[in-house]
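Participant: missing the sequence, but the structure's below:
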């Protein structure tokens with residue numbers, strides 16, 4: 001497994017959360033490409049998720 005260094009932009013001393021939502025989807029579901037200014041926080045509570053990002057190795061979450 002290859003380790004990648006990802007530079008995170010400077011943040012204030014707090015974190016502002018916005019646009020939060022929950023979603024339950026059927027297997028094989030896909031979401032369109034997105035661009036975020038900072039980062040996206042994802043929490044998988046049941047099942048699995050595979051996150052694919054351009055030019056990076058896929059990240060797999062299993063719960």
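Facilitator: Sure, I can see it. Predicted model, so just to flag it, every value in this text is computed and none were measured.

Participant: where does this protein have low pLDDT?
Facilitator: The chain contains residues with pLDDT under 70 at 1, 11-12.

Participant: could you redo the last one with a cut-off of 90?
Facilitator: 1-56, 58-63 (pLDDT under 90).

Participant: now for residue 48: which residues touch it?
Facilitator: Residues in contact with residue 48 (Cβ atoms under 8 Å, 6 or more residues apart in numbering) are 60-63. (Glycine included, C-beta is placed from N, CA and C.)

Participant: which one among those residues gets closest to residue 49?
Facilitator: Within the contacts of residue 48, the smallest distance to residue 49 is 4.5 Å, found for residue 61 (Cβ to Cβ).

Participant: neighbours of the closest one, how many?
Facilitator: 12 (other Cβ atoms under 10 Å).

Participant: quick one on the thing from earlier: got the contacts of residue 48 as CSV, with secondary structure and distance to residue 36 columns?
Facilitator: Formatted as CSV, the contacts of residue 48 follow (DSSP: H, G, I helix; E, B strand; the rest coil; distance: Cβ to Cβ, whole Å):
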residue, secondary structure, distance to residue 36
60, strand, 20
61, strand, 18
62, strand, 24
63, coil, 23
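
Participant: where's the closest residue to residue 8 other than its chain neighbours, which helix or strand?
Facilitator: In space, and not counting its chain neighbours, residue 8 is closest to residue 39: 6.7 Å by Cβ to Cβ, 6 or more residues apart in numbering. Residue 39 belongs to no helix or strand when assigned by DSSP states H and E.
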